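S.K.: output the structure for:
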Amino acid sequence: MSRIISFRGLLAHGAQERISLGTIRGQTGYRIIKFQLLTWVAGHSGSETESTVKIYKIEQDIIDSVVNFSDNTLLGAGVLGYDADISIYPPTRIVTFDSEIFNQDIFVTHSNLHTDVAPVNYYLELEQMPLASDEATVATLKDIRNND
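M.R.: The predicted model follows:
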């Protein structure tokens, strides 16, 4: 039987937040079912912002706005654009790899392309599910390989 757990936070530019999920035996798995972004202040004083928020399986040494779908540690990414002229930016774009099951801590990062480095809100829902011991072993081994 699965259940839904949620996390939310406010990330400053260049910040990284650890979401603790790991268990001793790793027999609890997770997958992303919802990922949303929202500006820190509505209207944001007429300035422009373009925030990139990414979710990773491992801690990141470099926090940037580059999104590389070939990176097997990437679980999801979202870009939140805002300008006083709403026609300049399309709605928020978010992509998650919802078939990816993990059983270790994950990391959320935020980078902003403009000089306005306002923080950004994120909301994340994960489906929590029990893993058989062979599934837990596979998920753990994948995470260990990603740390190399």
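
S.K.: check what pLDDT Ser47 gets.
M.R.: What the model reports as pLDDT for Ser47 is 59.

S.K.: which strand residues bridge the residue nearest the centre of the chain?
M.R.: With distances taken as CA atoms, centre = their mean, the chain has Ile55 as the residue nearest its mean C-alpha position (2.6 Å). Here Ile55 sits in beta bridges with Gly76, Val108, going by DSSP bridges.

S.K.: ok, it to Val67 distance?
M.R.: Separation of Ile55 from Val67 (CB to CB, to the nearest Å) stands at 11 Å. Every residue, glycine included, has its C-beta placed from N, CA and C.

S.K.: any shared contact partners between those two?
M.R.: Contact criterion CB atoms under 8 Å, 6 or more residues apart in numbering; residues shared by Ile55 and Val67: Leu74, Ala77.

S.K.: low-scoring stretches of this protein, by residue?
M.R.: Across the chain, the ranges flagged by pLDDT under 70 are 1, 42-48, 82-91, 115-116, 140-148.

S.K.: helices along that one, start to end?
M.R.: 133-146 (DSSP state H).

S.K.: which residues does Val53 contact?
M.R.: Leu11, Leu37, Ala77, Gly78, Val79, Leu80, Val108, Thr109, His110, Val120, Tyr122.

S.K.: how near is the residue nearest to the centre of the chain to Leu10?
M.R.: From Ile55 to Leu10 the distance is 16 Å (CB to CB).

S.K.: verify the stated contact: the residue nearest to the centre of the chain with Phe107.
M.R.: Yes - counting by CB atoms under 8 Å, Phe107 is a contact partner of Ile55 at 7.2 Å.

S.K.: number of nearby residues for Ala136?
M.R.: Number of residues near Ala136 (other CB atoms under 10 Å) recorded here: 18.
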